[in-house]
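Visitor: need the 3D shape of this:
(5 chains)
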Amino acid sequence: MRIYNLLRSKEEKAVTTRTKAGAPPGTMVYTGHRQMEQVHMHLTQYHGDFLEVQTVEEDIPTPRTEEATLWYDMRGLHNLELVERLGKQYGMHPLALEDVVDVHQRPKMEVYEDGVLIVIKAFAFEPTTRDLSIEQVSIYLSESTVLTFQEDGGDLFRSVRKRLETSSGRIRSRGPDYLAYALVDNIVDKYFTVIDQIESELDKLEDTIMRSPEMSTKSQIHDLRLALLTLRKSISPLRELMNRFSDTESRQITADTQVYVADLRDHVIQITDLVETYRDVTNGLYDLYVSEISFRMNSVMQTLTIVSTIFIPLSFLVGVYGMNWDNMPELHTQYGYFVLWGVMICIILGMLAWFRSRRWI
Amino acid sequence: MRIYNLLRSKEEKAVTTRTKAGAPPGTMVYTGHRQMEQVHMHLTQYHGDFLEVQTVEEDIPTPRTEEATLWYDMRGLHNLELVERLGKQYGMHPLALEDVVDVHQRPKMEVYEDGVLIVIKAFAFEPTTRDLSIEQVSIYLSESTVLTFQEDGGDLFRSVRKRLETSSGRIRSRGPDYLAYALVDNIVDKYFTVIDQIESELDKLEDTIMRSPEMSTKSQIHDLRLALLTLRKSISPLRELMNRFSDTESRQITADTQVYVADLRDHVIQITDLVETYRDVTNGLYDLYVSEISFRMNSVMQTLTIVSTIFIPLSFLVGVYGMNWDNMPELHTQYGYFVLWGVMICIILGMLAWFRSRRWI
Amino acid sequence: MRIYNLLRSKEEKAVTTRTKAGAPPGTMVYTGHRQMEQVHMHLTQYHGDFLEVQTVEEDIPTPRTEEATLWYDMRGLHNLELVERLGKQYGMHPLALEDVVDVHQRPKMEVYEDGVLIVIKAFAFEPTTRDLSIEQVSIYLSESTVLTFQEDGGDLFRSVRKRLETSSGRIRSRGPDYLAYALVDNIVDKYFTVIDQIESELDKLEDTIMRSPEMSTKSQIHDLRLALLTLRKSISPLRELMNRFSDTESRQITADTQVYVADLRDHVIQITDLVETYRDVTNGLYDLYVSEISFRMNSVMQTLTIVSTIFIPLSFLVGVYGMNWDNMPELHTQYGYFVLWGVMICIILGMLAWFRSRRWI
Amino acid sequence: MRIYNLLRSKEEKAVTTRTKAGAPPGTMVYTGHRQMEQVHMHLTQYHGDFLEVQTVEEDIPTPRTEEATLWYDMRGLHNLELVERLGKQYGMHPLALEDVVDVHQRPKMEVYEDGVLIVIKAFAFEPTTRDLSIEQVSIYLSESTVLTFQEDGGDLFRSVRKRLETSSGRIRSRGPDYLAYALVDNIVDKYFTVIDQIESELDKLEDTIMRSPEMSTKSQIHDLRLALLTLRKSISPLRELMNRFSDTESRQITADTQVYVADLRDHVIQITDLVETYRDVTNGLYDLYVSEISFRMNSVMQTLTIVSTIFIPLSFLVGVYGMNWDNMPELHTQYGYFVLWGVMICIILGMLAWFRSRRWI
Amino acid sequence: MRIYNLLRSKEEKAVTTRTKAGAPPGTMVYTGHRQMEQVHMHLTQYHGDFLEVQTVEEDIPTPRTEEATLWYDMRGLHNLELVERLGKQYGMHPLALEDVVDVHQRPKMEVYEDGVLIVIKAFAFEPTTRDLSIEQVSIYLSESTVLTFQEDGGDLFRSVRKRLETSSGRIRSRGPDYLAYALVDNIVDKYFTVIDQIESELDKLEDTIMRSPEMSTKSQIHDLRLALLTLRKSISPLRELMNRFSDTESRQITADTQVYVADLRDHVIQITDLVETYRDVTNGLYDLYVSEISFRMNSVMQTLTIVSTIFIPLSFLVGVYGMNWDNMPELHTQYGYFVLWGVMICIILGMLAWFRSRRWI
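Guide: Numbers count the residues shown, from 1 in each chain, chains lettered A, B, ... in the order given. Here you go, the predicted model:
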């Protein structure tokens, strides 16, 4: 069952249960199961025309200028010590740090005194196995810094980085709040891709059901249902998150960025609508599948009934004249055999007429 | 699956995914798939008795008088340069322009500083294929101008234009806000036509199910369900849109027009109710279909069971006396054969009586 | 499908589509299909002890005294000219007049400057055909006048008229607002009758399903479902209407009448509850029907299986000894035939025991 | 169908329809169908140590002291004249009196100028017939008096009376508002008993379904569903009633009693939860029943298919060698018969292996 | 049926019904069924570095210092006298004491003048029997004391006690409100374990359904449904409880602790989400099971139909030539027998081709 493996896989559960139960709040425990060889971290500094990207090893470098916006992008969360060092340097609250490394968080936005923590899920859908993989992404926004934490080494934010590098759009001339918006927008945009893929799977499934439902059809419907359930679970808290994003009066988010957040909120509502619609579509497909099976069964039954109802009485009749009684007068008549054939043909025709009157043939 | 092709067709998806992912906000990308040979644009100017309609080619003409209301009606959105030129001339915000050419918008109303953008969907239902085609229509209302953007070349607003020309009703003596209302009202009125067509399809379907459910019945129900789902998805945001329309305190909409908007809002609520009712009706039809199939299967099974239960034991009996044992004393009795017939007729009558007692015949 | 014919019948649709599409708002178009030979109109004037009822022909008579309450009761709406004349004389808004003759309105209450328009539906249920007929009734209440508009010639308000004539109750000593309340109360009271009739149909249906489900049972359930759907659609807006009725601060409704309106509102809530309960009951009946069919099918299948499973192997056995091989040693034994009978009886008994162990018999 | 008979039985309907339709509001009509031989009425007066219980005949006695709390307990409502006399003596509003004798009221609480009317339903569940009987109880609370009206002669308030008599608890030292609370609490407590009984019926039903579903199982599920529906219908308005009870600022209810009302409100919420949970449980039982039937049908079908698929081809084979052709060379071979047996045994074994591979046996 | 035994077992019901019906409010009645040999009670006192744990017998010891936080942990509630003595010593309200011993309370938080009572449920899931056992835990928090009441002797709070003893975390340096938070947090954390176990059961169930649905599958689904229903019933009031916890302005809860309560509230929301998701998953599993059964039945039917449709007509044919008519000319032809075999083989091949065209094989 894919949903469980995704939400809380076997290994994860072991970790969660063993180490977290009874731990005092604020204790950092990495609950994910992805253990990369090494944590990758990049620091991007920009301010107008100035842009510098550097790979960060163990030591966290100091920013170049006071005015520059700093973006630390950490991929891989199992090095708790490094996460804590980075977090503390930029004033993250212990509870915020705990949330970053606990990858089973509900998407949420927490406003702390010095910054804002956004926890959000990134999805990837594998059409062949109908596997929906989830990655938790945390974005911490403080006055001049954005810290992003990903579980995996995959470069989720490539397009944002590219926009920074090509200096296209508004992104470089704006502050860290716009960067945070751009990163969230980037993840939300990918939801559309996932939904497109699910849609095309539903599309194929409908064709299969219409043509001939197979053994695997019902488990495919089940898988897509689970995928949509998982999506809904992660997307539904986003609406509230967006409201808090645009309502929040912390200094970190400027009025200028609010306009874009409102646009993003529209996208989230649209995705929520799509997920609900596709859930309804999936239920419709299930109904279609069940009624297809029922219809086929009915047509199979009719065939059986037509053949049986015609030939079982006839078999009885020929059985009668296959008996070995000494005294069976009919058997010795000249045309008895042909009369019997006539009777049997009449029975067949009568049956067929009756079946036609009941619309079975 | 019709819904997908409608909402986001294969070609559209390619466009969306390839060009929009990672583009900075405010970038205009035409996400539709309708590429007309040429963009059609008409400019209608009116003010009391004065009315002038002209076809606009490449250059956007300047208005004739200061007081006249101007209505630019553009059909075909693939010429982004022209859309942008027109938009900029009348002060449209970049985000508004982006929304106009992205045809996958959720219906909405955005209030900008200088104007109001209404995005709405127009529908057409093709009864023979049960295809619901969607077209996005954007209406931009500023102080003295109305800009309308349609995807297709079809004349959606014919009746409004006719009312303008014949000078009937209030329309010519009122400002651009009343025109915008009339255009939206025109599209909403067409929803009733679509719902009427769906209703008549449901009507036919019910007859078919009652008479004899066919192979195609279940996919027809499925199609209508999808059509209603699509309708609901596009109509449900309208209620909120209408509330914002009548609540909005921008200078563009006069108190006088508000009365009519309230009336329009009633229509939208009525349509929402109808769509919900017809969804319930469709679910009822599906239940009816399933129970029809079950009832038929039951009656098929009863026929099979009656025939088999009568003749299989009789066949056994005649089989017994068809055996070739040397020592079968009964076979040599004078009336054994006729006694057997008597027994078999008794069995048949007993069976029939038992079936009747169970209400199977 | 009854619901469609009721909500918007074939003829009505033709009218609606042809004449209303594109008409400017405020245009009066009669969208009903009931064309009575002649419009009936009665004027009732009363004030304390004074009461006068007169039939109104073409000309609208002037009231007798200033203080009297006037009640114009018009039955038949196809004479638009007469409706408009009456409406204008008592200061009805053009939009109110449009609503009166458009019989597809959602029940609603509109507060105008000089009066209040209440649009409400009256129902009649025909048990034999399970047909629910709808009639739209509009009540316009201004300072000293009540105008009622019905589609049909049937006397919906007989009991109110009778109470006026017999001078029983408070009705004659009170103003037009109490009369309006009494008229609405009268229509709402009839909903209970309709629900009683539906209930008794559900009652009969349950008996039929328990005894023996018939071919027509499923379409009867379907019909009642549609009837309840239609009722709900017309009754659910009433709750809001009642709230507005009792909240409204217009001069037309006195505080004294408000107490009665609160009582009426309780009735509406009770009806809404009943409709929802009966919808649940109908769904329960549908489940009962489906499980009845399943249970019957199962019992039919068991019968078939018992008979077949016993006699098909036996038939095979007797077939074996009906073969004509030259060398079949058993056939020539003395008691082979009787041994075979013994074996077959053992098989039968063994089978029966096995069926019993599986609780099939 | 039990629900109908309970909510509005055949006789009741006749009464309601015939006499209430068209009656002016405030008219007292007894809509119940229980006609007791005589109305029983008791008057209980208490004040600290003083307690006096007396049976009231025709004349309503005057209270003994000014400070005493008076409780009139009337059982049987068909004597309208007596109800009205008692009501008027203690200042009941005509609408309150109408509600008391109309036993189809929705549970509610009405605040009048001089008192508070609480209408509530008492239930009794008859496990053997699964009959849920409803009785309407009205409690009118004024400054120093509590009037209770029951339909039936059964002593619903025995335990309250006992507590009064034994002087245990706070009840005697408190005013009429605490008495009213105690009476309502008493009725609400009985809901738990009814739910316990329904629960134990569901319990038995589950056992039956698991062991072997019977003909009556589906109608038992249906009955319990109806009972829960009826309960929900009467209990759901109680939550609102309790809110009004504790919010109300009338002098009749003291702050001291409010604490207990809050406790009672918790009970009502708990009952509502239980009813909803048991409705879900009942739906789960229905699903279990349906899947049980499906599973059984599947196992029946498999048996039939196994037996038929093995023996029908074998019967064909032995039929072949039972034919009477002059020229059938095989028949004359020495070991043909035994070869045939070998072939047939191979067929049987092959079939069984194939069935096993499909997990049918 | 597990849910009933859990919520209100047979023995419990007897107690509830017999003793509580009619008892005045505030009467302490132990409604649980767990009668431990002896009540266990521990007193933990701590204040900074000071920590003392002692087992309490009959007499309740006096605290050592004024500043210390006191935690009385009582396990076993049947000794009402002891509960009352402890409660009264620390100023518990009679209604609070009644709630503590009535183990059928809805989870809730009550704010009294001198303290706060939190009633919450602890769960344990037994995977082999799919039994969900419930224990009610009451936590009473006053200015310097925390009283906890458990039904069972099991040490629910071991990890909290351990944290106190090892002096790790903030727990020892904080007041009783933080202790109360830690205790509730401890119970809520265990919900995740229960949900993990249910999830792994669902996981196994899905495998079974996919491989081969068994007799017990449907009752396993039913059991898990009931378990989730029970969980939801106990968890859904927690959200409101948490809101009250963090909103409450009583002196007992410091602003410092509020931050942690907000975190706990997030966990509760996450659990509620998970329970809802798993309910949907369980429904999906049920659908999967039903469609699996349908699919299997369809495939069984097809096998039966293929075999019957081929061999029943052939059996008829061979029956014809097994008849004993004197005059059957075909029988005497030289190659008739072989011609018949040819005909029969053609029939078989034709049938197979037809089945293939219908996609049955």
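Visitor: worst mean pLDDT across the helices and strands of chain A, which element?
Guide: The weakest-scoring helix or strand in chain A, judged by mean pLDDT, DSSP states H and E, is helix A:10-15 (a mean of 41).
Visitor: got a list of contacts for the helix or strand following that one?
Guide: Following helix A:10-15 in sequence order, the next helix or strand is strand A:40-47 (DSSP states H and E). The contact list for strand A:40-47 (Cβ atoms under 8 Å, 6 or more residues apart in numbering or on different chains) reads A:51-57, A:61, A:63-65, A:67-76, A:82, A:86, A:153, A:161, A:164, A:172. Just so you know, the C-beta spots here come from the backbone N, C-alpha and C atoms, and that holds for glycine as well.
Visitor: hmm, try it at 7 Å
Guide: For strand A:40-47, the external contacting residues (Cβ atoms under 7 Å, 6 or more residues apart in numbering or on different chains) are A:52-56, A:61, A:63-65, A:67-76, A:153, A:164, A:172.
Visitor: buried members of those residues into ChimeraX, please.
Guide: Buried residues within those, by 16 or more other Cβ atoms under 10 Å in any protein chain shown, are selected in ChimeraX with:
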select /A:56,68,69,70,71,72,73,74,75,76,164,172
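Visitor: which of the contacts of strand A:40-47 fall in helices?
Guide: A:Leu164 (DSSP state H).
Visitor: how far away is the residue in the stretch 51-200 of chain A that chain E sits nearest to from E:Arg172?
Guide: Per Cβ to the nearest Cβ, A:Arg106 is where the stretch 51-200 of chain A lies closest to chain E, at 4.9 Å. Applying Cβ to Cβ, to the nearest Å, the value for A:Arg106 to E:Arg172 is 31 Å.
Visitor: what's the answer for A:Trp71, then?
Guide: Taking Cβ to Cβ as the measure, A:Trp71 falls 40 Å from E:Arg172.
Visitor: likewise for A:His47?
Guide: Computed as Cβ to Cβ, the A:His47 to E:Arg172 distance reads 48 Å.
Visitor: ok, A:Trp341 - how many residues close by?
Guide: Using other Cβ atoms under 10 Å in any protein chain shown, A:Trp341 is surrounded by 12 other residues.
Visitor: before we move on, which element is it in?
Guide: Per DSSP H and E: helix A:336-357 holds A:Trp341.
Visitor: does chain E sit close to that helix?
Guide: Yes - with Cβ under 7 Å from any Cβ of the partner chain as the criterion, chain E is reached by helix A:336-357 at A:336-337.
Visitor: for A:Pro329, what are its contacts?
Guide: Contact analysis of A:Pro329 by Cβ under 7 Å, 6+ apart lists nothing.
Visitor: helix, strand or coil: sort out whatever residue of chain A ends up closest to chain D for me.
Guide: Of all residues in chain A, A:Gly322 sits closest to chain D, at 7.0 Å by Cβ to the nearest Cβ. Judged by DSSP: H, G, I helix; E, B strand; the rest coil, the three-state class of A:Gly322 is coil.
Visitor: please report phi then psi for it.
Guide: Dihedral pair for A:Gly322: phi -100, psi 0, per degrees, to the nearest 10.
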